[in-house]
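>>> can't give you the sequence, but here's the structure:
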């Protein structure tokens, strides 16, 4: 990697604009700090759409990778992302009812970075966020929760001792469609991780923590899976809290395919990707990685939206948990409703 040190601040700003423009066209990725007098750059040696949502392998000189995949085959999505120069003049979208309007990728990344990583430089926080769809929306966020807090949730789920066969729908029926085990955690089980997670989901969704279900923790053993489904069902509209507006799914441990080089030891497993057929995308499980999406066509703040209204499932949110091949996969879900559940879920404030 080469670096240019520009001593004269007067010409630094002008040269940075030229360098960013020229190198961007030449498939270079640029690391630019507005707080220093240094521009570092390197050649993006794999500047194609990624079919692996995981870490950058040794020797790859990139910070977000893109890799072309056969259009007729499933694609895996990479979240290690090439960062462009930070533009301080980037307009900040309005936060109230942010998701009510159609947003572009830049707006979504900026919004998520400010809500989840407010104390991190945009150059670093933006690299943790990958937008699969601006329409649904469907967003993948790395480092949503620390490794230590993920481990606390798994430990609490094991100690709770109430893992039971997962069920489906309002009727809570057992089916071969979903073969995992489930338990539900409250603050009494592990307060800090649950409140921190609730707070981040609240800021991300724009909906208070009191509108969330208790944390569902799910364990998948070898051969277990969750076939194609949507998280919102029409029957949920009959509940007092109404349907599931949005989902935040968090991986609590990593697959061998999804782990990065910093994870030397851990409870790794194989398989278990989350597949979104609408976008032909597999998400590789990585500890601390979250997937956030809306399940319904209606969103708070839209014209005609009411909390009591019946919600319509957005079929673009269909997804499946692929079978685990070996090891144990641990995930948790925060589901957001239009009306408070009154179950005591709180954020970290």
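On my side now, so go ahead. Treat the numbers as computed from the prediction; the structure is a model and nothing was measured. Numbering: from 1, shown residues only.
>>> Check what pLDDT residue 266 gets.
Residue 266 is assigned 81 on the pLDDT scale.
>>> Could you count how many residues lie near it?
Residue 266 has 13 neighbouring residues, counting by other CB atoms under 10 Å. Just so you know, the C-beta spots here come from the backbone N, C-alpha and C atoms, and that holds for glycine as well.
>>> Same question for residue 240.
9.
>>> Ignoring the adjacent residues along the chain, who's closest to it?
Excluding its sequence neighbours, the residue lying closest to residue 240 (CB to CB, 6 or more residues apart in numbering) is residue 339, at 6.8 Å.
>>> so how far is residue 213 from that neighbour?
Applying CB to CB, to the nearest Å, the value for residue 339 to residue 213 is 12 Å.
>>> in the stretch 101-250 of the chain, which spans are helices?
Counting by DSSP state H, counting those that start in this stretch, one finds helices in the stretch 101-250 of the chain at the ranges 105-116, 122-125, 147-160, 191-205.
>>> Give me whichever of those helices is most buried.
helix 191-205 (a mean of 21; mean count of other CB atoms under 10 Å).
>>> Pretty sure residue 227 sits against residue 320.
Yes: here residue 227 lies in contact with residue 320, judged by CB atoms under 8 Å, at a distance of 5.6 Å.
>>> So for the two, which sits in the more crowded spot?
residue 320 (17 against 14).
>>> Let's verify the residue nearest to residue 240: helix, strand, or coil?
Under DSSP: H, G, I helix; E, B strand; the rest coil, the three-state class of residue 339 is coil.
>>> which residues touch it?
Residues near residue 339 by CB atoms under 8 Å, 6 or more residues apart in numbering: 211, 240-242, 307-308.
>>> Got a ChimeraX select line for the buried ones in those residues?
Buried residues within those, by 16 or more other CB atoms under 10 Å, are selected in ChimeraX with:
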select :211,241,242
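>>> just to revisit the earlier point, so which of the helices of the stretch 101-250 of the chain comes closest to residue 326?
Residue 326 lies closest to helix 147-160 among the helices of the stretch 101-250 of the chain, at 17.6 Å (CB to CB).
>>> now the closest one against helix 191-205, angle please.
Orientation of helix 147-160 against helix 191-205 (axes from the mean of the first three to the mean of the last three CA atoms, to 10 degrees) gives an angle of 120 degrees.
>>> contact partners of helix 147-160?
By CB under 8 Å, 6+ apart, helix 147-160 touches 163, 183, 185, 189-190, 192-194, 196-197, 215, 217, 219, 250-253, 263, 267, 287-288, 330, 332.
>>> what do you get if the cut-off is 7 Å, keeping everything else the same?
With contact meaning CB atoms under 7 Å, 6 or more residues apart in numbering, helix 147-160 is reached by 183, 185, 189-190, 192-193, 196, 217, 252-253, 287-288, 330, 332.
>>> Low-confidence regions, the stretch 1-150 of the chain specifically.
Applying pLDDT under 70 to the stretch 1-150 of the chain flags residues 1-94.
>>> Save the helices of the stretch 101-250 of the chain as TSV, and put in distance to residue 314 too.
Putting the helices of the stretch 101-250 of the chain into TSV (distance: least, CB to CB, whole Å) gives the following:
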stretch	distance to residue 314
helix 105-116	17
helix 122-125	27
helix 147-160	28
helix 191-205	15
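>>> Out of the ones you listed, the one nearest residue 177 is which?
Comparing the helices of the stretch 101-250 of the chain by CB to CB, helix 147-160 comes nearest, at 22.1 Å.
>>> can you pull out the strands in the stretch 101-250 of the chain?
Applying DSSP state E, counting those that start in this stretch to the stretch 101-250 of the chain gives strands spanning 129-133, 138-141, 164-165, 181-185, 215-220, 226-229, 246-251.
>>> isn't residue 198 right up against residue 343?
No: between residue 198 and residue 343 there is no contact under CB atoms under 7 Å: 11.1 Å.
>>> For residue 126, give its distance to residue 279.
Taking CB to CB, one finds residue 126 at 21 Å from residue 279.
>>> out of those two, which sits in the more crowded spot?
Shown here are residue 126 and residue 279; by other CB under 10 Å, residue 126 has more neighbours (21 against 17).
>>> surely that one meets residue 109?
Yes: assessed by CB under 7 Å, residue 126 is found in contact with residue 109 at 5.3 Å.
>>> what angle sits between the longest strand seen in the chain and helix 147-160?
When the chain is parsed with DSSP state E, its longest strand is strand 329-336. Computed by the same axes, to 10 degrees, the angle separating strand 329-336 from helix 147-160 equals 90 degrees.
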